[in-house]
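In: Predicted model and sequence below, questions to follow.
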Number of protein chains: 2
Amino acid sequence: MSHGRISSLGEKKLVSWIIKRARASFPDSELHGLGDDAALLDIGDEYLVLTSDLLLETRHFPDPSRPYEMGWKTVTANMSDLAAMGSKPEAFMLSMALPDLEEDFFSSLIDGVMDACTHYRAPLIGGDTNESDEIILSGMAAGRVRKDRVLLKSGARTGDLVAVTGPLGLGAAGTELILSGEKPAKNHEAAVESSLKPLAPVEDALRIAESGLASSVTDISDGLVSELGEIMDSSRVGFRIFKEKIPVPREVFEIASIINRDPMELALYYGEDFELVITAGPDEMKELSGITGLHVIGEVTDSGIEMIDKDGRTYTLDVRGYEHLKGGVQ
Amino acid sequence: MSHGRISSLGEKKLVSWIIKRARASFPDSELHGLGDDAALLDIGDEYLVLTSDLLLETRHFPDPSRPYEMGWKTVTANMSDLAAMGSKPEAFMLSMALPDLEEDFFSSLIDGVMDACTHYRAPLIGGDTNESDEIILSGMAAGRVRKDRVLLKSGARTGDLVAVTGPLGLGAAGTELILSGEKPAKNHEAAVESSLKPLAPVEDALRIAESGLASSVTDISDGLVSELGEIMDSSRVGFRIFKEKIPVPREVFEIASIINRDPMELALYYGEDFELVITAGPDEMKELSGITGLHVIGEVTDSGIEMIDKDGRTYTLDVRGYEHLKGGVQ
């Protein structure tokens, strides 16, 4: 490291620098999962999968008057990481730092946490409570997966197909709509809902893991292109994406036009989509489509990420996405 | 809950309210460890022990110019909870929210984390990075303990003795000395060190757990009397403490006099002492003293906490200690 500020590095470089330090500190340990969506602890035939996601009132919750949704989203963000590894949720922990909230507000926040825990079948088993000026919710989740079924970012091979489990850009459009202060039209409420009360694809992930058919998987919490970049780095491959095949719902285009944003930017780079991106061989992908809903959007190549539009024009996509500590989308 | 603010409840009531909610949401689950120092996940012959402690620049670090010590203390706070359960540290995770720090400052912070991870033999295996206005460090640690060796708050019996593993009040005195702005005298540097760079008694805890001799154990992170109150609630017992037997180092009295504080308040109620309080039958306690350093300070009774001074006067101690969300020591 030099003598600048960490913003000049950005989150990805910081994280890879920390990972290098962690490996150097424990040269003889097998540190499974470092750099993947969640960490892996060896417990015999299975991995215990551990993840931690911290959410802040002022940065992660577009509508800070919705405590129930804050609680729900904190659990979901952690469950999304468990899903990305193909693991079954086992437990959730919550460390909070809170200002002096109204009891009703606090009670709704805990309702959101408890309902999400019930939804994902992961009991709340512990945590920590502190005081602070803004609401800070640090979630931690534990899951389990058979060692031979764990889903990693590192298995994609040239010739595989790449697919996503659901529509992209909806959470992003909903978030930006809320932040714009525009009142959502009736048919835009699903976008708002998917921003405020997202669902992690735990069941899809378990089916994909169980099948043993996917070559690599990650969740799309930082935007599709950023996540493809992660698979690219881990698997040493590239991607060719067909623009017309990316499932971007009509509402994303409508909302983008109302708030004057580029809809494809929301779908490709923003994040907030709790879906999975997966790679698999062509035969395996066909079989997987019978198991869970999939949208094939392209194929795995040797290097780089290129996008082809409906007229056959080819663009190179920069690997970027939401990077914390670099002031948002770059 | 009523319509007041959460400060009127305080941390302990909030936590017990959340625990009640968690049990109600999963009535059929065995939720081990809820309300203890760390949570327990059943993994066969062993428990996986999980804990999470969140530390904030403005509330937990008396000298915010010491990034190395921030990193170290965050790891130690979590290891202390693992120690309290008698578990062997296995891994550490760190979720951070950071302002735009100087790279050197950030690098020192990570040095502190890594050195502590090496000290406790718990590799850093994952985490999360976010932006915020102040430094927020949310640690998570995992350990393991044989099921028949786990240390809980719930086994104390009337007639047991109660002991602590080391001196009390030193961390508190050091913290208050730093906050007072007084320059520490040469012989007060140990107190400052024990505030800034505390050590969790992991080895002591492992020996105590291994022996199977203790009837209950907890760490003294919230102050001795508060922690005795926790054992009291879990074990349905009381305590008789002999004031003269509490190991309060001379420096605590000296510093308390410099900064005009009550030394016994620092030793009994403040917290910041990373020591253990343990109970065991008289024979078992004798045997334990051969295994690790112990200061017997009293005995387990039927109910309440009373203290007896050197003149034989008896006081009833209120169960209080550092309660977050109630504005500090009550």
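Out: Looks like it came in fine. Being a predicted model, the structure only gives us computed values, none of them experimental. Numbering: from 1, shown residues only, chains lettered A, B, ... in the order given.
In: CA atoms of the one helix or strand A:R144 maps to as PDB?
Out: Following DSSP states H and E, one finds A:R144 within strand A:136-146. Provided in PDB are the C-alpha atoms of strand A:136-146 (Å, rounded to 0.1, in the frame of the first residue of the first chain):
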ATOM      1  CA  ILE A 136     -26.400  -0.300  11.700                       C
ATOM      2  CA  LEU A 137     -27.400  -3.900  11.100                       C
ATOM      3  CA  SER A 138     -24.700  -6.500  10.800                       C
ATOM      4  CA  GLY A 139     -26.100  -9.900   9.900                       C
ATOM      5  CA  MET A 140     -24.200 -13.200  10.000                       C
ATOM      6  CA  ALA A 141     -25.600 -16.400   8.600                       C
ATOM      7  CA  ALA A 142     -24.500 -20.000   8.700                       C
ATOM      8  CA  GLY A 143     -25.500 -22.800   6.300                       C
ATOM      9  CA  ARG A 144     -24.300 -26.200   5.400                       C
ATOM     10  CA  VAL A 145     -23.500 -27.900   2.100                       C
ATOM     11  CA  ARG A 146     -22.100 -31.300   1.100                       C
END
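In: how about the strands of chain A, start to end?
Out: A:39-43, A:46-56, A:88-98, A:124-131, A:136-146, A:161-164, A:216-219, A:238-242, A:276-280, A:295-301, A:305-308, A:314-316, A:322-323, A:328-329 (DSSP state E).
In: any chance of the ones you listed in TSV, with mean pLDDT, mean neighbour count and distance to B:D309 too?
Out: Quick note: C-beta positions are derived from backbone N, CA and C, even for glycine. Listed next are the strands of chain A as TSV, based on pLDDT from 0 to 100; neighbours: other CB atoms under 10 Å in any protein chain shown; distance: least, CB to CB, whole Å:
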stretch	mean pLDDT	mean neighbour count	distance to B:D309
strand A:39-43	92	20	49
strand A:46-56	95	25	46
strand A:88-98	96	24	39
strand A:124-131	92	24	34
strand A:136-146	97	26	43
strand A:161-164	98	24	71
strand A:216-219	96	26	60
strand A:238-242	97	19	75
strand A:276-280	98	28	65
strand A:295-301	98	20	75
strand A:305-308	94	18	74
strand A:314-316	91	10	79
strand A:322-323	48	20	60
strand A:328-329	44	13	61
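In: Distance to B:G143 added to the ones you listed, as a markdown table?
Out: Formatted as a markdown table, those follow (distance: least, CB to CB, whole Å):
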| stretch | distance to B:G143 |
| --- | --- |
| strand A:39-43 | 10 |
| strand A:46-56 | 12 |
| strand A:88-98 | 14 |
| strand A:124-131 | 13 |
| strand A:136-146 | 13 |
| strand A:161-164 | 38 |
| strand A:216-219 | 28 |
| strand A:238-242 | 40 |
| strand A:276-280 | 31 |
| strand A:295-301 | 40 |
| strand A:305-308 | 41 |
| strand A:314-316 | 47 |
| strand A:322-323 | 33 |
| strand A:328-329 | 37 |
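In: To A:S16, which of these lies closest?
Out: A:S16 lies closest to strand A:322-323 among the strands of chain A, at 12.4 Å (CB to CB).
In: for the stretch 51-200 of chain A, what are the low-confidence residue spans?
Out: Along the stretch 51-200 of chain A, segments meeting pLDDT under 70 are nowhere present.
In: Helices along that one, start to end?
Out: Counting by DSSP state H, counting those that start in this stretch, one finds helices in the stretch 51-200 of chain A at the ranges A:57-60, A:67-84, A:103-120, A:170-180, A:189-196.
In: which helices and strands sit right next to the first one?
Out: Helix A:57-60 sits against strand B:124-131, with contacts defined as 3 or more CB pairs under 8 Å, 6 or more residues apart in numbering or on different chains; DSSP states H and E.
In: what do you get for the third one?
Out: Using 3+ CB pairs under 8 Å, 6+ apart as the contact criterion, the elements in contact with helix A:103-120 are helix A:67-84, strand A:88-98, strand A:124-131, helix B:11-25.
In: among the ones you listed, which is nearest A:A190?
Out: Taking CB to CB, helix A:67-84 is the member of these nearest to A:A190, at 14.6 Å.
In: picking that back up, for B:A84, which of the helices and strands packed on helix A:103-120 is the nearest?
Out: For these, proximity to B:A84 was assessed by CB to CB; strand A:124-131 is nearest, at 12.5 Å.
In: quick one: is that closest one near chain B?
Out: Yes. Between strand A:124-131 and chain B, judged by CB under 8 Å from any CB of the partner chain, the touching residues are A:L124, A:I125, A:G126, A:G127, A:D128, A:T129, A:N130, A:E131.
In: partners of that strand, with directions?
Out: On the basis of DSSP bridges, the sheet neighbours of strand A:124-131 come out as strand A:88-98 (parallel).
In: Could you check the angle the partner strand makes with helix A:103-120?
Out: Here strand A:88-98 runs at an angle of 170 degrees relative to helix A:103-120 (axes from the mean of the first three to the mean of the last three CA atoms, to 10 degrees).
In: Find out how far strand A:88-98 is from the centre of the chain, if you would.
Out: Centroid displacement of strand A:88-98 relative to its chain, using CA atoms, centre = their mean, to the nearest Å, is 17 Å.
In: ok, now stretch A:245-253?
Out: The chain centre lies 18 Å from the centre of stretch A:245-253; the measure is CA atoms, centre = their mean.
In: Then stretch A:105-122?
Out: Here stretch A:105-122 is found 20 Å from its chain centre; the criterion is CA atoms, centre = their mean.
In: same deal with stretch A:175-194?
Out: When distances are taken as CA atoms, centre = their mean, stretch A:175-194 is centred 20 Å away from the chain's centroid.
In: now swap in stretch A:64-75 and tell me
Out: Going by CA atoms, centre = their mean, where stretch A:64-75 is centred and where its chain is centred differ by 17 Å.
In: coming back round to it: could you say which one of the helices and strands packed on helix A:103-120 comes nearest to B:G181?
Out: Nearest of the helices and strands packed on helix A:103-120 to B:G181, taken as CB to CB: strand A:124-131 at 22.7 Å.
In: What lies in contact with that closest one?
Out: A:91-100, A:113-114, A:117, B:11, B:14-15, B:18, B:21-22, B:25, B:31-34, B:38-41, B:50-56, B:59-60, B:324-325 (CB atoms under 8 Å, 6 or more residues apart in numbering or on different chains).
In: Highest mean neighbour count across the helices of the stretch 51-200 of chain A, which stretch is it?
Out: Most buried of the helices of the stretch 51-200 of chain A, by mean neighbour count (mean count of other CB atoms under 10 Å in any protein chain shown): helix A:67-84, with a mean of 26.
In: Distance from the chain centre to that one, please.
Out: A distance of 10 Å separates the centroid of the chain from that of helix A:67-84, by CA atoms, centre = their mean.
In: quick one: is it near chain B?
Out: No. Using CB under 8 Å from any CB, helix A:67-84 never reaches chain B; the gap is at least 9.0 Å.
In: helices and strands around that helix, which ones?
Out: Applying 3+ CB pairs under 8 Å, 6+ apart, we find helix A:67-84 packed against strand A:46-56, strand A:88-98, helix A:103-120, strand A:136-146, helix A:202-211, strand A:216-219.
In: so which of these gets nearest A:R240?
Out: Closest among the helices and strands packed on helix A:67-84, once you apply CB to CB, is strand A:216-219, at 15.8 Å.
In: does any part of the closest one sit near chain B?
Out: No. Using CB under 8 Å from any CB, strand A:216-219 stays clear of chain B, coming no nearer than 13.2 Å.
In: Each with direction, which strands does that strand pair with?
Out: Strand A:216-219 has these partner strands in its sheet, going by DSSP bridges: strand A:276-280 (antiparallel).
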